[in-house]
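Undergrad: output the structure for:
(one chain, ligands or ions: 1)
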Amino acid sequence: MTDSTAIIRLRGLRLERGGRVVLRDLDLEIARGEVVAVFGPSGSGKSTLLSALTGELAPSAGSVEVLDRPVPAAGRALLDLRKGLGVLLQGNGLLTDLTAAENVALPLRTHTDLPAPVIARLVDMKLHAVGLRAAADAFPRELSGGMARRVALARALALDPPLMLYDEPLTGLDPIACGVVMSLVRRLNDTLGLTSVVVTHHVHETLPVADRAVVIADGRLVFSGTPAELQASSDPLIRQFLDGQPDGPIPFDNSTFAGAVSASAQDAA
Ligand SMILES: Nc1ncnc2c1ncn2[C@@H]1O[C@H](COP(=O)(O)OP(=O)(O)OP(=O)(O)O)[C@@H](O)[C@H]1O
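TA: Residues are numbered from 1 along each chain as shown. Purely as a prediction, here's the structure:
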């Protein structure tokens, strides 16, 4: 269920990487409770957008508010904000010499003073939430790709963050595991009262569980609407992306993206 108060507010956002403008003039609000899918061609700036939400990348113009406050540039305030963010990055980032349970316990051991039995109980609950209680003592190498991704998800949930950020959560998974992970994303969002932002190329696996889709291309936000509206769009840029056509408004070589012009060239324009 969504509530209309925004948990993420981006206004006039401009993000640069290596002196090039990746995204510009971006206005976007994400309401509490939403599952929002962020699509866009490779190199369009999806991960860069997530970096602005986590405070890894400061905007060169505009503002980023997350969890009711501007994202701090650094220091204690930024660390505090990050405790409210559950982040599942590309790949699992699981430590190979720790068991599934020890991986999930890691953020609790690092960021809380909770006694060991309480941590053990919380870890058990998080593994239960992703359907992997039985795998608590398994090492990452003993898990399938989908199971490892779910352990990483349990770890991202360890500190009960209200906002989950997923960067390509389905990379490398087979179609069945993709379905399992995406339905888990939706179920956890609803049962734990979260908000979820899912950056992905997997349009067809993600749309069924999303409340809203946004598309970035050409250095800007080109679409925001329901999955049904996205699929009904006749915008040539959206169609090219959805239908995977090699020819169209999105250049095959993304280094020629209008959004990736040099910052100084854009300022001069
Ligand atoms: N650390 C960096 N330094 C310089 N340029 C970067 C850096 N990270 C990303 N870029 C550039 O910024 C642009 C956006 O990259 P980003 O990774 O955000 O795109 P993406 O949409 O997430 O791509 P993909 O779908 O392939 O993961 C690309 O042109 C990329 O080459």
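
Undergrad: next secondary structure element downstream of the lengthiest helix in the chain?
TA: When the chain is scanned for its longest helix (criterion: DSSP state H), the result is helix 175-191. Next in sequence after helix 175-191, counting helices and strands by DSSP states H and E, comes strand 195-199.

Undergrad: which residues touch that following strand?
TA: 7-8, 30-38, 46-47, 49-50, 53, 162-169, 185, 188-189, 206, 210 (C-beta atoms under 8 Å, 6 or more residues apart in numbering). (Glycine included, C-beta is placed from N, CA and C.)

Undergrad: direction included, what does it pair against?
TA: strand 35-39 (parallel), strand 163-167 (parallel) (DSSP bridges).

Undergrad: the ligand is nearest to which of the ones you listed?
TA: strand 163-167 (7.6 Å; C-beta to the nearest ligand atom).

Undergrad: next, the angle from the closest one to helix 175-191.
TA: Counting by axes from the mean of the first three to the mean of the last three C-alpha atoms, to 10 degrees, strand 163-167 lies at 160 degrees to helix 175-191.

Undergrad: residues in contact with strand 163-167: which ones?
TA: By C-beta under 8 Å, 6+ apart, strand 163-167 touches 7-8, 46-47, 50, 53-54, 66-67, 84-90, 156-157, 185, 188-189, 194-200.

Undergrad: kindly report the same for stretch 123-134.
TA: 100-101, 104-105, 108, 135-136, 147, 150-151, 153-155, 157-158, 184, 188, 191-192.

Undergrad: in that stretch, which residues are buried?
TA: Neighbour counts over stretch 123-134 (16 or more other C-beta atoms under 10 Å) mark 123, 126, 127, 129, 130, 132, 133 as buried.

Undergrad: can you redo those residues as JSON lines with pLDDT, secondary structure and distance to the ligand?
TA: JSON lines is the format used below for those (pLDDT from 0 to 100; DSSP: H, G, I helix; E, B strand; the rest coil; distance: C-beta to the nearest ligand atom, whole Å):
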{"residue": "123", "pLDDT": "97", "secondary structure": "helix", "distance to the ligand": "31"}
{"residue": "126", "pLDDT": "93", "secondary structure": "helix", "distance to the ligand": "27"}
{"residue": "127", "pLDDT": "95", "secondary structure": "helix", "distance to the ligand": "29"}
{"residue": "129", "pLDDT": "90", "secondary structure": "helix", "distance to the ligand": "28"}
{"residue": "130", "pLDDT": "91", "secondary structure": "coil", "distance to the ligand": "24"}
{"residue": "132", "pLDDT": "91", "secondary structure": "coil", "distance to the ligand": "27"}
{"residue": "133", "pLDDT": "91", "secondary structure": "helix", "distance to the ligand": "33"}
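
Undergrad: nearest to residue 231 among the residues you listed?
TA: Ranked by distance to residue 231 (C-beta to C-beta), the buried residues of stretch 123-134 are led by residue 130 at 29.2 Å.

Undergrad: could I get the phi/psi values of the residue nearest to that closest one when sequence neighbours are not counted?
TA: Distances taken as C-beta to C-beta, 6 or more residues apart in numbering place residue 150 nearest to residue 130, at 4.1 Å, with adjacent residues excluded. Dihedral angles of residue 150 (phi, psi; degrees, to the nearest 10) stand at phi -70, psi -30.

Undergrad: start the count at 6, not 1, going forward
TA: Sure, I'll start numbering at 6, so the last one becomes residue 155.

Undergrad: residue contacts, residue 155?
TA: 135, 136, 137, 185, 186, 189.

Undergrad: now do it against the ligand, distance only.
TA: 22 Å (C-beta to the nearest ligand atom, to the nearest Å).

Undergrad: between the buried residues of stretch 128-139, which is closest to residue 180?
TA: Among these, and counting by C-beta to C-beta, the member closest to residue 180 is residue 135, at 18.9 Å.

Undergrad: just the strands in the protein please.
TA: 8-22, 25-37, 40-44, 66-71, 74-75, 90-93, 168-172, 200-204, 217-222, 225-230 (DSSP state E).

Undergrad: cool, thanks, talk later.
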